[in-house]
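A.B. asks: Pasting a predicted model and its sequence here:
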Amino acid sequence: MLKIAEHTLHELEATYPGILESILWFEGAALPACPRCSSSDTADVQVGIIGRTINIAAATTKFKLIANGPKPGYFCNACDEFFNITIQ
């Protein structure tokens, strides 16, 4: 789910060309449900904190940012836990 206003998306795009496409890609991503609580409110986990990734994480609930690897896979926003499963 988007967490920022449309005008902020356009400001980000001016600063980071192509970021809007990245944000919309994550927004449309089909992510697995949490195996613990079955919530579909999950996020893809990415590694590396730079301005671009910080702003993507601030823009959508479907993107979880961590500083260092290894990348755990996914994150459940409902139960606040990481999980790793293979999408079929």
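C.D. replies: Looks like it came in fine. Numbers count the residues shown, from 1 in each chain.
A.B. asks: So what are the sheet partners of the longest strand belonging to the chain and their directions?
C.D. replies: Ranked by number of residues, the top strand in the chain under DSSP state E is strand 42-47. The strands beside strand 42-47 in its sheet (DSSP bridges) come out as strand 63-66 (parallel), strand 74-76 (antiparallel).
A.B. asks: Spell out, range by range, the helices that occur in the chain.
C.D. replies: 6-15, 19-28, 51-59 (DSSP state H).
A.B. asks: what is the rounded mean pLDDT of stretch 60-73?
C.D. replies: Here stretch 60-73 scores 93 as its mean pLDDT.
A.B. asks: Number the chain from 29, please
C.D. replies: Taking 29 as the first residue, the last one we looked at is stretch 88-101.
A.B. asks: which other residues reach it?
C.D. replies: Here stretch 88-101 makes contact (CB atoms under 8 Å, 6 or more residues apart in numbering) with 29-31, 51, 54-55, 57, 59, 69-77, 81-82, 84-85, 102-103, 105, 110-113. Every C-beta, even on glycine, is put in place using the N, C-alpha and C of the backbone.
A.B. asks: go on, stretch 107-116?
C.D. replies: Outside stretch 107-116, the residues that reach it (CB under 8 Å, 6+ apart) are 58, 60, 62-65, 67, 73, 100-104.
A.B. asks: That one - what's its average pLDDT?
C.D. replies: On average, stretch 107-116 scores 83.
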